[in-house]
Structure formats: structure tokens, C-alpha cells
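1. Need a 3D model of the sequence below.
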Amino acid sequence: MKPLGLIAGNGRFPFLVAEEARKAGRRVVAVAFNEEADPALEQAVDKIYWVYVGQLNKLIKSFQNESVQEVVMAGLVRHSNMYADLKKFHPDLRVLRLLFRLKDRKADTMLGALADELAKDGLKLLPSITHLSHCLAPAGLMTKRKPTAEEQADIKFGFQLAKAMAGLDVGQTVCVKQKAVIAIEAMEGTDRCIRRAGEIAKGPFVVVKVSKPRQDLRFDVPVVGLNTIENFVEAGGGVLAIEAGKTLVLDQEKMRDWANIEKISLVGVKEP
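-> Coordinates of the predicted model:
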């Protein structure tokens, strides 16, 4: 079986990709981003290389050295780092040329351009859900607590709004209460969006996370996990609604158990 290349950002996502790929009999070669990926990933893969986010040539050569032809991208890479501190980005000449050619710097634009660059060097970017289709969110209630009638209305309201924002490539998460928008995710990411909503809202609120209307499964697939629940609980959230069949739920059983302990509602929602 062909080796699998793993472009690794932060969080649990890269670990689960590596675990499932190795279960399937694949050798996993990771190229992990400095100051993003967990150093413990070294123990979860067969070979690892460390690069900075902007070192595209080094990333490609690392995979070529290991005869990798298929690659998966997994884990968050904070887009804000590209603007906050250029030293952390370490752009090489190839990346600088790529950025210069872009029509804008939305996530889809940049990641699509990255996929094209990988393809030029014989690296095919596979869907992020490769080996993880069993982790996609089921439809319906996943916890003991049911959303109230008011929360159900907020889910419906928030779902339409989240789809609109995702379609504009702004973000995939919105926080609402009583059909009022508390926070919309942008470059800061889901966790900080939820924390911001908790600072504004009084009492439980609803978080809705969806896929983009024309989601490219190779990157930026919506993901929730234990970190999401932790931030959600600390912020005082009441209902976490995620798009069924389109959102990856990492550590699903642990997430469900924690939600039940905290008496919050976790719901998989299908697009109307």
C-alpha cells in the first residue's frame, strides 16, 4: 500500500489520521508545522519532518525523499500567524510568488493554490476525511439533554446564517441567542469565537458549525473535538449544533460523555 503523507497542524486531528491510516496498513510520513503541531506526533507516525508554515519547498522535498505521492492535510493552522508575526511564517521564495499571484487571501484561495503547487510536484492532496468517514457527525440528538423550543429556533436561524458566512469563506461557526447574532467566526477560529460569545451572552447560547456550500473535502473541513467542548463549557454554551455528515467529530464517545456530564446538548443537523 502507498505511504500516506500527512501535513500536520495543531490539535487531535493529525493523530487520528495517522492512527487510522496505520490501522489500514499505510506507512505515515508527517511534515509537521513548527509552533503548531504537537511534538508528541513524532510517536504516532513512522517518519516526521518539521518545517515552518511558509517553507513549501522543504515540505515538498520531505515527501519526495520518502516516495510519498498521496497527502492529507489535517489540523488547524492559524491564518492569523501570517499577519501577526512574519518570523513564524518563514515564507520561502515559492510561497512569496504564490501569495503574489492570489486574487485574495481567503482560506479556500490559499489552500487551493497550495494544492495546485503540490500537484506540480506529483503530490496528490486527498480529502481530509480519508480513513475517517466513520467520524462524521450523525444526524439527530447525540446527548441526553434536548434543545428547548427556543434553542431549536436558534439552531434553524443560526444554520442559515452559518451557511451564508461559510459560503463567503468568512468562517463556519456562528453563536446566537434568541435569534440574535452574538459572534461570527473569522480568522480567529472557532474556539476564540465561542469564548467571545461567552463574554457577551448572559446564560446558555447556541453554537452552529457547518460546512461550506461547495466544500472542498481536501481542506478546511469543519471539525469539533474535546477542545471545542472545553471552550464551549467554559463559555457557558447550551447547545452545540453541527452539520450532520459533513462535520468531523473527533473522540466522539468522550465528547458525548463530557457533554452529558455538563448537561449540554450536542446535535447533528441536516441541511433543509
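2. And whichever strand or helix holds residue 30, what does it pack against?
-> Element membership of residue 30, judged by DSSP states H and E, is strand 28-33. With contacts taken as 3 or more CB pairs under 8 Å, 6 or more residues apart in numbering; DSSP states H and E, strand 28-33 sits against strand 4-8, helix 13-23, strand 47-51, helix 56-65. Yep, even glycine has a C-beta here, placed from its N, CA and C like the rest.
3. tell me the most buried of these?
-> Of all the helices and strands packed on strand 28-33, strand 4-8 carries the top mean neighbour count, a mean of 28, counting by mean count of other CB atoms under 10 Å.
4. Out of the helices and strands packed on strand 28-33, which is closest to residue 121?
-> helix 56-65 (4.9 Å; CB to CB).
5. how much space between residue 53 and residue 34?
-> Residue 53 sits 8 Å away from residue 34, going by CB to CB, to the nearest Å.
6. okay, these two: which has more neighbours?
-> Taking other CB atoms under 10 Å, residue 53 and residue 34 do not tie; residue 53 has more neighbours (21 against 13).
7. ok, back up a step: of the helices and strands packed on strand 28-33, which approaches residue 259 most closely?
-> Using CB to CB, the helices and strands packed on strand 28-33 put helix 13-23 closest to residue 259, at 18.9 Å.
8. Does the closest one pack against any helices or strands, and if so which?
-> Counting by 3+ CB pairs under 8 Å, 6+ apart, helix 13-23 packs on strand 4-8, strand 28-33, strand 70-74.
9. Including distance to residue 189 and mean pLDDT, could these go into CSV?
-> Converted to CSV, the helices and strands packed on helix 13-23 look like this (distance: least, CB to CB, whole Å; pLDDT from 0 to 100):
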stretch, distance to residue 189, mean pLDDT
strand 4-8, 17, 98
strand 28-33, 15, 98
strand 70-74, 15, 97
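10. Ok, which of the ones you listed comes nearest residue 158?
-> Comparing these by CB to CB, strand 70-74 comes nearest, at 26.5 Å.
11. Brilliant, that's me finished.
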